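J.: how does the following fold in three dimensions:
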Amino acid sequence: MPTVAKGDGMRGLAVFISDIRNCKSKEAEQKRINKELANIRSKFKGDKTLDGYNKKKYVCKLLFIFLLGHDIDFGHMEAVNLLSSNKYTEKQIGYLFISVLVNTDSALIRLIIQAIKNDLEARHPVHICLALQCIANIGSKEMAEALTKEIPKLIVSGETIDAVKQSACLCLLRLFRTSPETVPPGEWTQRVGHLLNDQHLGVVTSATSLIHTLAQKTPEDFKPCVQLAISRLSRIVTSSYTDLQDYTYYFVPAPWLSVKLLRLLQVYPPPEDPALRGRLNECLETILNKAQEPPKSKKVQHSNAKNAVLFEAINLIIHHDTEPSLLVRACNQLGQFLQHRETNLRYLALESMCLLASSEFSHEAVKKHMDTVITALKTERDVSVRQRAVDLLYGMCDKSNAEEIVAEMLSYLETADYSIREEMVLKVAILAEKYPVDYTWYVDTILNLIRIAGDYVSDEVWYRVIQIVINRDDVQGYAAKVVFEALQAPACHENMVKVGGYILGEFGNLIAGDQRSSPMVQFQLLHSKYHLCSAPTRGLLLSTYIKFINLFPEIKGQLQDVLRNNNNLQNADAELQQRAIEYLQLSTVASQDVLATVLEEMPPFPERESSILAKLKKKKPNVSDIEVVKEGKKSSNPPTLNNSAANTPEATPASAPVPVMAAAPAPAPVQSASDDLLGLSAGPAAAAPVTNNFAAPAAPAGGGGLLVDVFDTPPAQNNVSTALAPQAEENFFNMPSGETAPSGDASATELDGRFAIKNNGVLFENELLQIGVKAEYKGNLGRLGLFYGNKTSYPFQFFTPTVSCPGELASAMNVQTKPLDVNTVEGGAQVQQIINVECIADFVDAPILSIKFSYSGSMQQINLMLPVMLNKFFEPVEMDATSFFNRWKQLSRRPGQEEQKIFKASFPINSDTSRTKLLGFGFGLLDGVDPNPDNFVGAGIIKAQSSQVGCLLRLEPNMQAQMYRLTLRTSSKSVTTRLADLLLKLF
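T.: Numbering: from 1, shown residues only. I've put the predicted structure just below:
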């Protein structure tokens, strides 16, 4: 930096600062500042020949006054004028004033940008660095758009000095994080990777930060940097090289550069080149070996730098997950840190071991440290470390140690911090379900969980135990016995009353033979808790009482007296009043046979993904991600309590676990998202939806060890939970109605086939974003409402959805998209976008929805197909038999007008379901036209701007062979083929 010239000390500024410091009161300070502001204002207005030194001095005074907390409303133009000075100190003060006081929407921003451009082109290194620092400090979108083409030239130019390259890399990084769409791709992206070989530490460090951030958005553009990063890392950590040894920090060579290089390598999979992979593994082994060496210094800076490189290397080993020896060594190294005196090291070790527990290669090695982790859980003073210990116990749990881990977690739960109790309850419930010793152990564990931490047991937990008891005949009697015993405790939590009421209402007859648990004793025990419970629990107990009337006719009179009680019949709660009245009438009017039919035992629930796991994913995404990785990587997963789910597409939708569904026309009022037995889902309850038509989809319901749940929205409702998955289109069309597709990722582009017969649903969902769609069509016009919901607590910045029509679709469809009013989606919020479509001609492909946004500094991109299919522009037609057969014969004369398929049914044949699918597809069904009443005959017209295509259909099911014959005739060959393909996948 240039030396300060004589006379640049600005004595007037020093005197002013001294005067301010010598003020004895706030009033005296204000008086002195007002006097100085008046003097500066008069100088700026009156003296037109003010030289650069005095301008600089007065601008400095204004800056000092601003930093004292006073408003400054003049002097901005004088600061801009200083930018044109050739003196470093004057230009420096001008840039400093602008960086601090000028807003991004200031009217002077264009003048500032022009002055910055002049400095960038002046080829004076000091001036260029000042300009780059100002750009990075302000970082407005307008500045990014104007200057992002100039900055990459400085980075890759051979004439640029090292200090300028370093500043240019950091400046471009700042602009990319602010406005990623304004940073243009080009030739410079291929050349910037060579900066990793630069000899200047500042240049290579800043370039690594830039490349790492850019590679997260477009990894393919920077893939050649992998080899350069490995080469540079090898030269740093290998003792045979002396690369950057001059930059040793407390005996650790270039630690921060090593950390950045290791993070860059985590963007990519392991190298395919064996030589390159071997070199990288050598580097990682060297880092692990150095961690075992005695410290070369006792100072904390040495251990911090050394451990920073070590933990980042372990993160890379975990990311690759391909080298068993490295994974085991990393686990052993982390195990040594579990008892280290430094709290931060213990925390980081536990956190990294949570990730290692998800690898099939290191899972057994992690389990060896179970006793140490349990000790840490009980003795750690820091609650955050104890929380990581809980996470690690959860991650290392499997069939062999589940009973011990669950017992230890239950034991600790009694004295656990309030901040982690709810999460521990969820994890204990999940582990007990995933790795049960037997079903009785599972029931005992959940009831013990309710006893110990009833306030933290969410509804999802007791829903699960009820579902499992109902689905397992061999545990029903035992469950009834243990809940009866649990209810006898003087202090009984309300969740225990709920479980006891439900189970005794269903299976109380299994223990009624014992005089100690006779029907009257069961009733009296439950009713003794009645007055202590909330209204929803009382409603459940009333349902239990009506069940008792069916199970135990001998106590019908006593039960009717309770229902007849004025406290129930005249209750202020409308739900309780209605239940009491209706149950009383049902028990009085209905015969015993009718009563037995209405109040029969609940049928087994169909399987769904566990709502407990979904709740944990919402509460703690990072731990649930470990769960998903663990499930995907383990070669053999332990069975869940319920892995024999019926996969029939026509399975009855899951009913809410209320003892009497038929006898309770008015369901209990919904308290919250978790209280709604029919609407439990994985989506965030805190979001503020624009519409109520979309339920959050459940998480994936297939695969070995994933938990399942029945408490999900029935497919018969409009808010069907469906999600996009990265699978072939055929898989979606063959998915049974009512099942939920796995959540998608950023590369998913296929359509969910169920959108062929419905217009509303959830189009896409992952851990961050949920996209709902609601569409309506008339003639050749359609309108789609897209609802983007932020599932996280952090905002999505630069949220930009765009719709495009690829290839021939551009001429067959006209799409108009209304842009979003905002480009930031706040955490838990939802925004709506309207898309209008017009069918010009028949088409095959669908429009592509591309979404880009920034989340926590990382760019995300999602590409989806919009659910716009040819049959959406169908209009049903009514015809009599004569007209139908005349038109049927006419459409068979030209080649290509008929398409006939004979195929095996993908789902069990059901007449009502087939009718529903054809009506949803758009056909008008013509009853009585076909001589065979089991066949379906339909007609419709495809409406397009350029033409109208008539379509006739005949679907012939063969119940015995479970096969279909589909015959389709239209006036257009392409329409015939496309509609036949769509229909074939529905059946």
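J.: all contacts plus neighbour counts: C-alpha atoms, from now on.
T.: Noted.
J.: got the contact list for Gln770?
T.: 696, 762-764, 787-791 (Cα atoms under 8 Å, 6 or more residues apart in numbering).
J.: tell me the one of the residues you listed nearest Thr104?
T.: Asn790 (27.2 Å; Cα to Cα).
J.: returning to what we had before: ok, the contacts of Gln770 vs Val497, which is closest?
T.: Looking across these and measuring by Cα to Cα, the closest to Val497 is Ala696, at 29.4 Å.
J.: coming back round to it: just put the contacts of Gln770 in TSV and tack on neighbour count and pLDDT.
T.: Formatted as TSV, the contacts of Gln770 follow (neighbours: other Cα atoms under 10 Å; pLDDT from 0 to 100):
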residue	neighbour count	pLDDT
Ala696	28	33
Val762	25	86
Leu763	28	87
Phe764	28	88
Phe787	22	90
Tyr788	23	91
Gly789	27	91
Asn790	26	90
Lys791	26	88
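J.: where does the prediction get shaky in the stretch 851-987 of the chain?
T.: 893 (pLDDT under 70).
J.: let me fix that, I meant to ask about the chain.
T.: In the chain, residues with pLDDT under 70: 1-9, 239-246, 607-610, 615, 617-753, 893.
J.: center of it, which residue is that?
T.: In the chain, the residue lying closest to the centroid (Cα atoms, centre = their mean) is Glu767, at 1.3 Å.
J.: may I ask which helix or strand encompasses it?
T.: For Glu767, there is no helix or strand it lies in under DSSP states H and E.
J.: quick one: it and Thr792, what's the gap?
T.: 8 Å (Cα to Cα, to the nearest Å).
J.: and what of Leu584?
T.: Distance from Leu584 to Thr792, by Cα to Cα: 47 Å.
J.: now do Glu600
T.: Shown here: Glu600 relative to Thr792, a distance of 43 Å by Cα to Cα.
J.: out of these two, which sits in the more crowded spot?
T.: Thr792 (21 against 16; other Cα atoms under 10 Å).
J.: and the more buried one, helix, strand or coil?
T.: Three-state assignment for Thr792 (DSSP: H, G, I helix; E, B strand; the rest coil): coil.
J.: can you tell me the closest non-neighbouring residue to it?
T.: Distances taken as Cα to Cα, 6 or more residues apart in numbering place Gly827 nearest to Thr792, at 5.3 Å, with adjacent residues excluded.
J.: pull the contacting residues for the closest residue to Tyr439 other than its chain neighbours.
T.: Excluding the flanking residues, the one nearest Tyr439 by Cα to Cα, 6+ apart is Val475, at 6.5 Å. By Cα under 8 Å, 6+ apart, Val475 lies in contact with 439-440, 469.
J.: can you redo those residues as TSV with distance to Met865 and neighbour count?
T.: Listed next are the contacts of Val475 as TSV, based on distance: Cα to Cα, whole Å; neighbours: other Cα atoms under 10 Å:
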residue	distance to Met865	neighbour count
Tyr439	44	21
Thr440	47	16
Val469	42	23
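J.: which of those residues fall in strands?
T.: Among these, none falls in strands (DSSP state E).
J.: hmm, back to that, export the contacts of Gln770 as TSV, with columns for secondary structure.
T.: Output for these, formatted as TSV (three-state DSSP):
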residue	secondary structure
Ala696	coil
Val762	strand
Leu763	strand
Phe764	strand
Phe787	strand
Tyr788	strand
Gly789	strand
Asn790	strand
Lys791	coil
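J.: looking at those, which is nearest Lys43?
T.: Looking across the contacts of Gln770 and measuring by Cα to Cα, the closest to Lys43 is Asn790, at 53.3 Å.
J.: contact partners for that closest one?
T.: The contact partners of Asn790, taken as Cα under 8 Å, 6+ apart, are 687, 768-770, 796, 825-830.
J.: can you list which of those are found in strands?
T.: 769-770, 830.
J.: pretty sure Asp221 sits against Ala215.
T.: Yes - look at Asp221 against Ala215 with Cα atoms under 8 Å: they come within range, at 7.2 Å.
J.: in stretch 154-169, what counts as buried?
T.: 154-156, 160, 162, 164-169 (16 or more other Cα atoms under 10 Å).
J.: for Arg388, grab phi and psi.
T.: phi -70, psi -30 (degrees, to the nearest 10).
J.: hang on, the earlier thing: make CSV from the buried residues of stretch 154-169 and add distance to Gln339 and secondary structure to it.
T.: Formatted as CSV, these follow (distance: Cα to Cα, whole Å; DSSP: H, G, I helix; E, B strand; the rest coil):
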residue, distance to Gln339, secondary structure
Leu154, 50, helix
Ile155, 46, helix
Val156, 48, helix
Thr160, 50, coil
Asp162, 44, helix
Val164, 46, helix
Lys165, 44, helix
Gln166, 41, helix
Ser167, 42, helix
Ala168, 44, helix
Cys169, 41, helix
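J.: so which of those residues is the closest to Pro519?
T.: Using Cα to Cα, Cys169 comes nearest to Pro519 of these, at 78.7 Å.
J.: quick one: contacts for the closest one?
T.: 155, 203, 206-207, 210.
J.: now the closest residue in space to Lys872 that isn't next to it in sequence, what's its secondary structure?
T.: Sequence neighbours aside, Tyr777 is the residue nearest to Lys872 in space, at 6.7 Å (criterion: Cα to Cα, 6+ apart). Under three-state DSSP, Tyr777 falls in the strand class.
J.: identify the bridge partners of Tyr777.
T.: For Tyr777, the beta-bridge partners are Gly782 (DSSP bridges).
J.: separation between it and Val803?
T.: Taking Cα to Cα, one finds Tyr777 at 18 Å from Val803.
J.: and Gly202, what helix or strand is that in?
T.: Assigned by DSSP H and E, Gly202 belongs to helix 201-217.
J.: which strands and helices lie in contact with that helix?
T.: Applying 3 or more Cα pairs under 8 Å, 6 or more residues apart in numbering; DSSP states H and E, one finds that helix 201-217 contacts helix 162-178, helix 255-265, strand 858-865.
J.: hang on, the earlier thing: name the nearest of the ones in strands among the contacts of Asn790 relative to Leu595.
T.: Nearest member of the ones in strands among the contacts of Asn790 to Leu595, counting by Cα to Cα, is Gln770, at 44.3 Å.
J.: flag every buried residue along stretch 85-97.
T.: Under the neighbour-count criterion of 16+ other Cα under 10 Å, stretch 85-97 has 88-97 buried.
J.: do the same with stretch 946-966
T.: Buried-residue list, stretch 946-966, by 16+ other Cα under 10 Å: 948-957, 963-966.
J.: how about stretch 482-494?
T.: 483-484, 486-487, 492-494.
J.: roughly how far apart are the nearest residue to Val383 once chain neighbours are set aside and Glu380?
T.: Leaving aside its sequence neighbours, Val383 sits nearest to Asp417 (Cα to Cα, 6+ apart; 7.3 Å). Taking Cα to Cα as the measure, Asp417 and Glu380 are separated by 12 Å.
J.: check Asn568 too.
T.: Distance from Asn568 to Glu380, by Cα to Cα: 51 Å.
J.: of Asp221 and Ala215, which one has the most company?
T.: Set side by side, Asp221 and Ala215 show more neighbours around Ala215, with 20 against 16, by other Cα under 10 Å.
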